[in-house]
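Peer 1: One predicted model, sequence on top.
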Amino acid sequence: MEQRLRIAIIGGGPAGLMAADTLAPHSEVDLYEHGRNIGRKLLVAGQGGFNLTNQAEGEELLKHYSPTGFLDEALSTFSPNELRAWLAELGIETYIGTSGRVFPVKGIKPIDVLECIRLRLVQRGVRMHTEHAFTSFNAEGRVVVENNEALVDLEVDHVIFALGGASWPVTGSTGIWPVLFNGIGIDALPFRASNCGVEIAWPSSFIQAHEGKPLKNVRFAAGKLGAWGEATITRHGLEGNAIYPVVPALRDGETVLHADLKPDSTMQRLLERIGNKAAKHFGEAVGMNRAQLALVKAFTPKEVFATPHRFAEAIKDLCLPVSGLRPVGEAISTVGGIPVGALNADFSFKAHPHFSAIGEMVDWDAPTGGFLLQGCFAMGRHAALGILSKHGNHAEP
């Protein structure tokens, strides 16, 4: 009988779990997680609405990921439709919600999804080792994990690293592992925040009156990026689904956030609605709430309220000075980590083909809305299939 591959997966997040599921029918799989439980980031991801993926397919899906082309093959092989089918196999039915986001049907909680995945892996023979932390590479280049001060060298055919980035450190993604890769010639990039709040120096009177209030149906833009949705006024600035997609431009040097407070109305339509009304009624005429009106007052000169045309211009392009981004620890996701140039197309290391890196520990980016989880699941599947293919196993998982 042909000897089965021995695979170690370091990290029990979405990417690692998918890799384990794909490999288990054809390999001996050991999954090592330094926390007490697997999938903690999956649970945290569900706190704000558990969108597992997005209905986008083809080019519409691929355009949400950067760098361009890096995840194309993985996402084409394991698209949102394939992920939904896989979830259905586990007993997790899904539906398409607003803005194309895909959720579990009512009554299915994040902990239920995680338990279904865990049971599937157990049934497939995956051995899970919690409270086992990756600590080093030994003199022979093998991976070393530690449990209760006992060190274990992993003598396996292949190791998949799914160590996470530096977002939500409470889940175990502490981002402390890059230094360990320096010893084998892999220079990780510094972690930077993505899908995070932006910092704006609010006038004290404005934030005292409007902290926590939502800005609904607005559009924000920075550089060449833009997004339409909602944002929340925070003590530090703004956050929300209309902010996160433009963060890459701000991270790369843009310092002004352009706000369109009435994106569904043209300048002409706004002027028609204002008509001959007195200046004090401009905001009411176009349907602005108190927070929106206060926002315009805080960042424009008084003269803007003197004529309908200047007022309408301010509504359509309100310039907000951004002083920075919220810290990495507060971010929904991060960029940085393993450079994409260090990896082959199947996410194995060019310099160490018996190692692979998947998930947020690799330097790729995507907005919220299901795209982050989809990317991690697809990477796990693609890396696992690449390993099986290299070893002559072309069976479908």
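Peer 2: That came through fine. Everything numeric in this text was worked out from a predicted model, so none of it was measured.
Peer 1: what's the span of stretch 166-180 from first residue to last?
Peer 2: Across its full length, stretch 166-180 reaches 15 Å end to end, with C-alpha to C-alpha, to the nearest Å as the criterion.
Peer 1: Strands along the stretch 201-350 of the chain, start to end?
Peer 2: Assigned by DSSP state E, counting those that start in this stretch, the stretch 201-350 of the chain shows strands spanning 214-222, 225-233, 237-239, 256-260, 318-321, 324-325, 333-337.
Peer 1: out of those, deepest packed?
Peer 2: With neighbours defined by mean count of other C-beta atoms under 10 Å, none of the strands of the stretch 201-350 of the chain is more surrounded on average than strand 333-337, at a mean of 26. For glycine as for every other residue, the C-beta is placed from the backbone atoms N, C-alpha and C.
Peer 1: ok, which stretches of this structure are helices?
Peer 2: 14-23, 40-45, 58-62, 72-77, 80-89, 110-123, 178-182, 204-210, 247-251, 267-274, 282-285, 290-298, 308-316, 371-390 (DSSP state H).
Peer 1: Deepest-packed of those helices, please.
Peer 2: With neighbours taken as mean count of other C-beta under 10 Å, the helices of the chain reach their highest mean count in helix 14-23, at a mean of 28.
Peer 1: from the chain's centre, how far out does that helix sit?
Peer 2: 18 Å (C-alpha atoms, centre = their mean, to the nearest Å).
Peer 1: pLDDT below threshold where in the stretch 101-250 of the chain?
Peer 2: 172 (pLDDT under 70).
Peer 1: please redo it, this time with the cut-off set to 50
Peer 2: Confidence mapping of the stretch 101-250 of the chain against pLDDT under 50 gives zero matching residues.
Peer 1: Break the chain down into its domains, please.
Peer 2: Here the chain is described, according to automatic domain parsing, as comprising the domains 5-191+335-390, 198-325.
Peer 1: end to end, how far does the last one reach?
Peer 2: Between the start and the finish of domain 198-325 there is a gap of 4 Å, counting by C-alpha to C-alpha.
Peer 1: swap in stretch 204-220?
Peer 2: Where stretch 204-220 begins and where it ends lie 23 Å apart, using C-alpha to C-alpha.
Peer 1: Give me the contacts around stretch 310-324.
Peer 2: Taking C-beta atoms under 8 Å, 6 or more residues apart in numbering as the criterion, the residues outside stretch 310-324 that touch it are 198-201, 222, 237-238, 250, 254-262, 267, 270-271, 274, 279, 282, 286, 288, 295-296, 299-300, 303-305.
Peer 1: Might one say that G226 is in contact with F220?
Peer 2: Yes: with contact defined as C-beta atoms under 8 Å, G226 and F220 form a contacting pair (6.8 Å).
Peer 1: what's the overlap in contacts for those two?
Peer 2: When contacts are counted by C-beta under 8 Å, 6+ apart, G226 and F220 have V246 as shared neighbours.
Peer 1: Now do stretch 177-194: distance to the chain's middle.
Peer 2: Between the centre of stretch 177-194 and the centre of its host chain there is 19 Å, according to C-alpha atoms, centre = their mean.
Peer 1: And for stretch 121-130?
Peer 2: A distance of 26 Å separates the centroid of the chain from that of stretch 121-130, by C-alpha atoms, centre = their mean.
Peer 1: Go through it and flag the buried ones.
Peer 2: The neighbour-count check on stretch 121-130 (16 or more other C-beta atoms under 10 Å) flags 121, 126, 128 as buried.
Peer 1: Likewise for stretch 19-38?
Peer 2: For stretch 19-38, a neighbour-count test (16+ other C-beta under 10 Å) marks 19-24, 26-35, 38 as buried.
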